[in-house]
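Trainee: A structural model of the following input is requested.
(one chain, ligands or ions: 2)
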Amino acid sequence: MTTLIPVLGDQLSHGLASLRGGPAEAVVLMVEVVDETRYVRHHKKKIALIFSAMRHFASELSDLGWTVDYVRLDDAGNTGSFTGEVARAARRHGATAIRVTEPGEWRVAAMIDGWAAATGVPVEVLPDDRFLCSRSDFAEWAGARKRLIMEDFYREMRKRTGLLMSFGKPVGNRWNLDADNRKVPPRGLNYPAPPAFAPDRVTRQVLDLVVERFGGHFGDLAPFGFATTRAEALVALDHFIAYALPRFGDYQDAIREGQAFLYHAVLSPYLNCGLLTAREVVDAAAAAFDRGDAPLNAVEGFVRQIIGWREYVRGIYWWAGPDYSKSNAFGATRDLPAFYWTGDTDLRCVAQSVSQVKREAYNHHIQRLMILGNFAMLIGVDPAQVEEWYLVVYADAYEWVELPNVHGMSQFADGGLLGSKPYAGGGAYIDRMSDHCGKCRYDVKAKVGENACPFNALYWDFLARHRELLKDNSRLWRMYDGWDRLGPERQAATRASAAAFMATLPAAARGWAVDDAGA
Ligand code: FAD
Ligand code: DLZ
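Mentor: Ligands and ions are numbered 1, 2, ... in the order given. Next up, the predicted model:
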């Protein structure tokens, strides 16, 4: 009797449901497979993070007494797919049962559905209870509602988890302290960069492999400083709680050149591959509040991101079904401009965000939403191309979290299932939140013409183009009123300016070499 327990690259948690039975009569299977490296051609740093974290996790399991069968990318006979490797391992070990924790995406769930047939062995799929809201609980919550509003979900989650609650009421008597956040950082503020971890022998081997096999992928591999073990990820968590959390809320939406991370956590790569759990990071933040080490606006804001947004987008992903990505509310068809890969554009905010993600495999939320996503939506890029770009470039990107954020929140391609209005903004918003505009070749104050910040005309042109779809949205009435008050002449000049800019957009090009060393 041998139970085969496949552990996927984003399931690197010792408390994983499928590992709870203990090591007796079980073989853990971990596989590096080409299919997972090229369903999109991930940033080099992301592949290095996953492979190194997988290898470290496998040896931790061995140390704990598990029998681990680890298949490396270049091992002889590696079939390159999850299903092929599970079938080979089932034969190798004479498996009589397969136990797996549910995967993070529809694509892999469909593969797992085929494992019993491929192996002739029964397959048990366990819920992934590293998330605080199960898929069925979310479906029940969503099914009872006309509109899915994150804030409602978040309050339920506060009650359910007891986080920042006191006698059934929110601590401080307010559920959401966002009104106290989003300040403009004063000059001279010190920002606590997240810790960088020197690559050990295992990581160095993986870095060599990535250079050799994935050298043509997007992004810089060096310097590589991600945590690749749970112990290191815990150091990153402690560092965030001690040095960044206290100001997390205040400057959450700010963008500063040369400061990629500000007071953000930079924990999503670790949360999403399993090195940290959602529950432990929110508990750590709540404990900092209890000790008086971090103020409520910071801790509430952070807790909301995790038990609110993170759980909510995951719930939507599974609840909306495998066809969620197929909608295209604005009928957007433009190719993604080449400068999303190169950063070669005069739009300083876009260029800086792209060069940052190339270097770090990271942008913070507002760069993702209000610069890169906003621009793609305003010019009408095909949502599928935008989604692919986001999956490629970020170290924390997995479809369950990327798709709702991009398709729903950022591109409004779902027509408003996830968000109540498109996150569209002109140059004034970017100027308020960032320090890019003063250094940009475009004039953020000018509305039309060759030197005007293109976001300005594009914003109005977007609203005008999609009036039929958006006109009944009460959150946009004030904007349409503003547009109407411009009058026909200025409207025509604005739309002509937007059209002239869009005509200059460079043709699409991928950010990777198409054929790199067989990967
Ligand atoms: P912080 O700003 O410090 O926030 C703390 C934590 O809250 C994050 O680590 C993350 O786990 C969670 N969180 C915050 N906002 C969200 C959100 N909207 N959805 C889910 N979790 C959230 N996040 C991903 O993890 N993977 C993605 O592929 C991803 N794609 C995104 C695409 C777009 C267009 C947008 C607008 C957001 C996306 N996000 C994604 C959400 C968010 O931008 C990142 O989680 C965050 O920037 C990660 O950096 P951080 O750890 O420093 O986060
Ligand atoms: C992202 C990724 C990559 C690049 N490679 C692997 C791999 O070789 N083996 C593996 O088990 N997982 C990998 N992953 C993470 C998976 O893509 C992820 O586990 C699935 O998408 C399920 O969510």
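Trainee: Can you tell me the SS state at the closest residue to ligand 2 within the chain?
Mentor: Going by CB to the nearest ligand atom, ligand 2 is nearest to Gly9 of the chain, at 2.4 Å. For the C-beta atoms, the positions are set from N, CA and C on the backbone; glycine is no exception. Per DSSP: H, G, I helix; E, B strand; the rest coil, the secondary structure class of Gly9 is coil.
Trainee: For Glu32, see how far away it is.
Mentor: Gly9 is 8 Å from Glu32, where distance means CB to CB, to the nearest Å.
Trainee: Identify the contacts common to those two.
Mentor: Here Gly9 and Glu32 have 51, 54 as joint contacts, going by CB atoms under 8 Å, 6 or more residues apart in numbering.
Trainee: For the stretch 401-519 of the chain, which residues are neighbours of ligand 1?
Mentor: With the criterion set to CB under 6 Å from any ligand atom, the stretch 401-519 of the chain comes near ligand 1 through 401-402, 405-406, 409-410.
Trainee: Which one (most neighbours) among those?
Mentor: The most neighbours of any of these, using other CB atoms under 10 Å, belong to Val406, which has 27 neighbours.
Trainee: a strand runs through that one, doesn't it?
Mentor: No: counting by three-state DSSP, Val406 falls outside a strand, being helix.
Trainee: residues touching it, list them.
Mentor: 373, 383, 386-387, 390.
Trainee: Same question for Pro194.
Mentor: Taking CB under 8 Å, 6+ apart, one finds 236, 239-240, 244, 261, 266 in contact with Pro194.
Trainee: So which of the residues you listed belong to helices?
Mentor: Among those, DSSP state H puts 236, 239 in helices.
Trainee: Tell me the one among the contacts of Pro194 nearest to Ala179.
Mentor: The shortest gap between Ala179 and any of the contacts of Pro194 belongs to Ala244, at 21.1 Å (CB to CB).
Trainee: Make sure that closest one is actually in contact with Gln259.
Mentor: No: Ala244 is beyond contact range of Gln259, at 11.7 Å (criterion: CB atoms under 8 Å).
Trainee: The two - which one has more neighbours?
Mentor: A side-by-side neighbour count of Ala244 and Gln259, using other CB under 10 Å, places Ala244 first with 24 against 18.
Trainee: got the contact list for the nearest residue to the more buried one once chain neighbours are set aside?
Mentor: Distance criterion CB to CB, 6 or more residues apart in numbering; nearest residue to Ala244, sequence neighbours excluded, is Tyr263 at 4.4 Å. The contact partners of Tyr263, by CB under 8 Å, 6+ apart, come to 191-192, 244-248, 250-252.
Trainee: in stretch 248-268, what counts as buried?
Mentor: 248-256, 259-268 (16 or more other CB atoms under 10 Å).
Trainee: out of those residues, who's near ligand 1?
Mentor: Counting by CB under 6 Å from any ligand atom, 264-268 from those sit close to ligand 1.
Trainee: Name the single longest helix found in this structure.
Mentor: Using DSSP H, we find that the single longest helix of the chain is helix 477-503.
Trainee: Get me the contact residues on the protein for ligand 1.
Mentor: Listed as neighbours of ligand 1 in the chain under the rule CB under 6 Å from any ligand atom: 264-268, 271-272, 302, 305-306, 309-310, 313, 364-365, 368-369, 373, 390, 394, 396-397, 401-402, 405-406, 409-410.
Trainee: Could you list which of these belong to strands?
Mentor: Judged by DSSP state E, strands contain none of these.
Trainee: near ligand 2 too, which of these?
Mentor: Answer for these near ligand 2: none qualify (CB under 6 Å from any ligand atom).
Trainee: measure the closest residue to Arg145 other than its chain neighbours to Glu311 for me?
Mentor: Of all residues not flanking Arg145 in the chain, Asp152 sits nearest, at 7.5 Å (CB to CB, 6+ apart). Remark: distance between Asp152 and Glu311 (CB to CB) = 13 Å.
Trainee: Who has more neighbours out of those two?
Mentor: Just comparing Asp152 and Glu311: by other CB under 10 Å the higher neighbour count belongs to Glu311, 23 against 13.
Trainee: Low-confidence bits of the stretch 101-250 of the chain, can you list those?
Mentor: Along the stretch 101-250 of the chain, no part satisfies pLDDT under 70.
Trainee: Of all the residues in it, which one is nearest ligand 1?
Mentor: Phe248 (6.4 Å).
Trainee: and the gap between that residue and Glu102?
Mentor: From Phe248 across to Glu102, the span is 31 Å (CB to CB).
Trainee: the strands in the stretch 151-300 of the chain, which residues?
Mentor: 165-166, 169-170 (DSSP state E, counting those that start in this stretch).
Trainee: Deepest in the core, which of those strands is it.
Mentor: Most buried of those, by mean neighbour count (mean count of other CB atoms under 10 Å): strand 169-170, with a mean of 14.
Trainee: just how off-centre is that one within its chain?
Mentor: Distance, stretch centre to chain centre, for strand 169-170: 30 Å (CA atoms, centre = their mean, to the nearest Å).
Trainee: just stretch 469-481 next, same as before
Mentor: Computed by CA atoms, centre = their mean, the separation of stretch 469-481 from the middle of its chain amounts to 29 Å.
Trainee: Next, the buried residues of it.
Mentor: Buried residues in stretch 469-481, counted by 16+ other CB under 10 Å: 470, 476, 479.
Trainee: would you put the C-alpha positions of that stretch in CSV?
Mentor: Provided in CSV are the C-alpha atoms of stretch 469-481 (Å, rounded to 0.1, in the frame of the first residue of the first chain):
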residue,chain,number,x,y,z
LEU,A,469,-21.6,50.6,-21.5
LEU,A,470,-20.8,52.9,-18.6
LYS,A,471,-23.4,55.6,-18.7
ASP,A,472,-25.7,54.0,-16.1
ASN,A,473,-22.8,53.6,-13.6
SER,A,474,-23.6,56.1,-10.8
ARG,A,475,-19.9,56.3,-9.8
LEU,A,476,-19.2,57.7,-13.3
TRP,A,477,-21.9,60.3,-13.6
ARG,A,478,-19.7,63.1,-12.3
MET,A,479,-17.1,62.2,-14.9
TYR,A,480,-19.6,62.2,-17.8
ASP,A,481,-21.0,65.5,-16.5
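Trainee: Contacts made by that stretch with the rest, please.
Mentor: Residues outside stretch 469-481 that contact it (CB under 8 Å, 6+ apart): 329-330, 415-416, 420-422, 463, 467.
Trainee: same thing but at 7 Å, please
Mentor: With contact meaning CB atoms under 7 Å, 6 or more residues apart in numbering, stretch 469-481 is reached by 329, 420-421, 463, 467.
Trainee: And stretch 80-91, by the same measure?
Mentor: Outside stretch 80-91, the residues touching it (CB under 7 Å, 6+ apart) are 4, 6, 29, 31, 33-35, 69, 71, 77-79, 98, 108, 111, 114-115, 118-119, 121.
Trainee: ok, now with 8 Å
Mentor: Defining contact as CB under 8 Å, 6+ apart, one finds that stretch 80-91 is touched by 4, 6, 8, 27, 29, 31, 33-36, 69, 71, 77-79, 95, 98, 108, 111-112, 114-115, 118-121.
Trainee: Repeat that for stretch 364-376.
Mentor: By CB under 8 Å, 6+ apart, the surrounding residues in contact with stretch 364-376 are 252-255, 260-262, 264, 336, 340, 347, 349-350, 353-354, 356, 363, 386, 390, 394, 405-406, 409-411, 423-425, 429-430, 433-434, 455, 458.
Trainee: start to end distance for it?
Mentor: Using CA to CA, to the nearest Å, the end-to-end distance of stretch 364-376 comes to 17 Å.
Trainee: Is Arg99 part of a helix or strand, or is it coil?
Mentor: Arg99 ends up strand, using three-state DSSP.
Trainee: Make residue 1 into 408 and carry on from there
Mentor: Noted, 408 is the first residue going forward, which turns the last one into Arg506.
Trainee: Could you list everything it pairs with in the sheet?
Mentor: Here Arg506 sits in beta bridges with Glu531, going by DSSP bridges.
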